[in-house]
Every structure is written in structure tokens, then in C-alpha cells.
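**Q** coords below, sequence missing:
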């Protein structure tokens, strides 16, 4: 039995799969302490882990839009988004993340540290203390790599010299946008007698393991470092879901899930609801904690709730309309359900492109009109190729999700002589 210190943040869909890994370690008899936002306390305790709040670092105490430190929905371009995330999440609060991690190390004396990839400052504390550490990437691979389209671009894999030039140019722009935070990371490293990084991405190369919480069959192929491993998605629902009963009738059930965090999505949700109102379907809209169901006007054939157990709903569903967050996408595909993807930002354009390339769904703009949304749903329901492609990919996702690779790799970084303190 070993002791693990996890570091996570309330990044919407990023927290549930990371906490699912923590729960798997607990179930194998390990002691797990989780540094997390106060708003995640119940989710952490539901895994059997012990909770420790961020105190000096950025931390959310509610999921209200005004309490979101990043407010990424305000950004109009990918570059402005990169700069906003760098300033408010990755590097601005870096000293607080390091200080809180060092305080937790002093008290807990962990054998290994497991951090969300987005918390780039946490590994500094691990390296300074000489503790093995791993990074969790709860989406497709996000670091620039030969063959991988630039993160957040929604591009397909490059073809030929012009495509490779496109990728180098886009990766250069994003690296420079994030590079403003590199001096902050290096200042923290030098005060702890650690070598400076030459790029913000270099922190990943220092990790003992980088675990990508998706399936290699879903992501695009690329040349990755030897410490990078695809370990399969986590498919469990978050702790805050509510009971649900299927609505009466035999019409196809269409699940609508447009992010568990606020992304200024009410207008898009209303257009989706209006589109479903034109079809002979049963619609179920889960708004998530950031949007109240009473903000939407729903026709008789559409049910609007805050939350429902997607794992159960997907057993009944014929199609999913989603913002294309990684968690919703892989859960739908694992259940062999095709998707209409309406990306709003973050990694969502990338996930939507992978769905389309795999033939398992369609992509629309978030501003699509109700008639276009209705037409896309009708096409998914009428053309069996979408369901067939989802079935093929779903089998691979389920097999990877059942693999013990994630916990075995995390166990492998703990020195054989380590024991949990009494």
C-alpha cells in the first residue's frame, strides 16, 4: 500500500475522470489524499479519498459563472483563450499551487504525486522534494507532437508539407502565447535549485508517467515521448447526478448535454430544444450545475433537468447532442450512440473532428438554427452508418476503459520500499 497525493482543479469535465483514477487506487488499498477546489469536496470524498483544499492557489467555492476565475467564454479567439488560461490558471496562481502542494507534502509525506496536466506548477513541488510524479491528461493528447494537430484547433491530421507547416505555425503561436508564463515557472524552479525549463511543455518530459485518459483508437496517431501512455477513458458519472426515469413513449430518445460548466450556452440550448420540438423524438436536456432548467422554454416532447445519470440514459438513447466535451463524447461512443457535436471552445473542436473523421457523428456550429439541428438529428437517426461507426469505436473504448493500465502505471512509479506512514 502506498500514499498518493492528487492535485486536481474544477475544470468541468476534467475532474471526474481524474477522481475516477483516485478511486481506483483507493479500491486497490492505497491511501489517497486529494488537493482540490472546495466545490469538489463531496466528489472527492465519494471516491474514498481524503480531501484537502487549495488555500493559497486559485480555488472555486461555487459553480456560479461569476466565480469562474478564467471565464473563457469571454474569449473570441484561440490565442486570447490561451493567454487568458495562462494568466489566470496556469501561471498566474503558480506560486499558490506550489506552496499548497509543499504544505501537503510536509504533512502527508506521499510516496507519489499525481497532478492534472493543467496544474503545471504542481510538479515543481514534487521535483524539489524528490518525489515521483505523474500527470493526468483527461482528454486527447494536448502537447505539440509530430503528427498531432494543434490542440484546440479542430484540425484534421496534416497532409503533406503545407499541412505540416500549418501545424508548426499554429503550435508556435500557442507556445508563444503560453510562453509569457515561462519566467514565472522558472523563477519558482530556481528558488528550489531546479534547472530552468526551455519551454512550458518541458514539464511533461520530466514526469515519470503521462497518462492520457482516452483511447488511442479515438485520438489521432502521433510521435509521442516514451513516458506517454494511453490508458483508456473513465466512464463513470460524477457524484452529483440525480435519479432519472425514462419518459413515456416509443419515439427515439435524444440526450442533450452542453457542458457541466458555464460557457454562455443558454442560447445554444434553446435552439437545440426548439429543434427537437420539430421532431418525433423524446428529448432529455441535462443543463448541468451552471444553468438552471427554468432558463429554457421546452415543448411537450422535451424534458429539461439539471442532471441525470448519463450512463443509464445512454442505454436508452438513439442520439446525443453535445458541446463535444471529451467526457460526454467518449461516454456516448462507449454506449454506441452517434453524436451531433456543437463545440464551444477548449478541446471541443478537437473531439468533434475526431467524431466526424471516425464517421460516428456530425458537427454543427454552436450558432446553428433549430432547423439545421433538427436536420442533423434526423440524419443520425435515418442513416445506419453513424450507429455502425459508433458501435465499432465503442467496443474499443469499453475495452480500454476496463484496462488496469492507469493504476498499474501509477503503482510502478512508487519505490518498492515505500510504505504508508502510520
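**A** Received the coordinates, thanks. These figures come from a predicted structure and were not determined experimentally.
**Q** isn't residue 170 right next to residue 151, touching?
**A** No - between residue 170 and residue 151 there is no contact under Cβ atoms under 8 Å: 9.1 Å. (Each C-beta comes from the backbone N, C-alpha and C, glycine too.)
**Q** Those two: which is more packed in?
**A** Shown here are residue 170 and residue 151; by other Cβ atoms under 10 Å, residue 151 has more neighbours (23 against 19).
**Q** and the nearest residue to the more buried one once chain neighbours are set aside, how far is that from residue 184?
**A** Leaving aside its sequence neighbours, residue 151 sits nearest to residue 142 (Cβ to Cβ, 6 or more residues apart in numbering; 4.6 Å). Using Cβ to Cβ, to the nearest Å, residue 142 is found at 20 Å from residue 184.
**Q** Any idea how many residues pack against residue 156?
**A** Per other Cβ under 10 Å, the neighbour tally for residue 156 reads 13.
**Q** what residues are up against it?
**A** With contact set as Cβ atoms under 8 Å, 6 or more residues apart in numbering, residue 156 has these partners: 149, 353, 357.
**Q** Contact partners for the last one?
**A** With contacts taken as Cβ under 8 Å, 6+ apart, residue 357 has the following neighbours: residue 156.
**Q** try the first one
**A** Counting by Cβ under 8 Å, 6+ apart, residue 149 touches 155, 156, 157, 158, 167, 220, 350, 353.
**Q** Can you tell me which of those residues are buried?
**A** 155, 158, 167, 220, 350, 353 (16 or more other Cβ atoms under 10 Å).
**Q** Output the residues you listed as a markdown table; include the columns pLDDT.
**A** Shown next, in a markdown table, are those (pLDDT from 0 to 100):
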| residue | pLDDT |
| --- | --- |
| 155 | 95 |
| 158 | 94 |
| 167 | 93 |
| 220 | 97 |
| 350 | 96 |
| 353 | 98 |
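**Q** State the pLDDT value of residue 179.
**A** Per-residue confidence for residue 179 comes out at a pLDDT of 80.
**Q** Make sure it is actually in contact with residue 201.
**A** No - if you go by Cβ under 8 Å, residue 179 and residue 201 don't touch, sitting 10.0 Å apart.
**Q** Have a look at the two and say which one is more surrounded.
**A** When neighbours are counted by other Cβ under 10 Å, residue 179 and residue 201 differ, and residue 201 comes out ahead with 19 against 16.
**Q** quick one: the more buried one and residue 145 touch, right?
**A** No - between residue 201 and residue 145 there is no contact under Cβ under 8 Å: 9.4 Å.
**Q** Using the record's assignment, carve the chain into domains.
**A** In the domain annotation for the chain, the residue ranges read 3-232+403-412, 253-400 (automatic domain parsing).
**Q** quick one: low-confidence parts of the stretch 301-422 of the chain?
**A** 417-422 (pLDDT under 70).
**Q** can you pull out the strands in it?
**A** For the stretch 301-422 of the chain, applying DSSP state E, counting those that start in this stretch gives strands covering 302-305, 317-322, 339-341, 361-363.
**Q** ditto for the chain
**A** 3-7, 31-36, 50-53, 112-116, 133-137, 209-212, 228-230, 253-257, 282-286, 302-305, 317-322, 339-341, 361-363 (DSSP state E).
**Q** can I get those strands in CSV with mean neighbour count and distance to residue 388?
**A** As requested, these are exported to CSV (neighbours: other Cβ atoms under 10 Å; distance: least, Cβ to Cβ, whole Å):
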stretch, mean neighbour count, distance to residue 388
strand 3-7, 26, 39
strand 31-36, 24, 40
strand 50-53, 17, 44
strand 112-116, 26, 35
strand 133-137, 26, 29
strand 209-212, 24, 26
strand 228-230, 19, 24
strand 253-257, 25, 19
strand 282-286, 24, 23
strand 302-305, 18, 27
strand 317-322, 25, 14
strand 339-341, 28, 14
strand 361-363, 22, 12
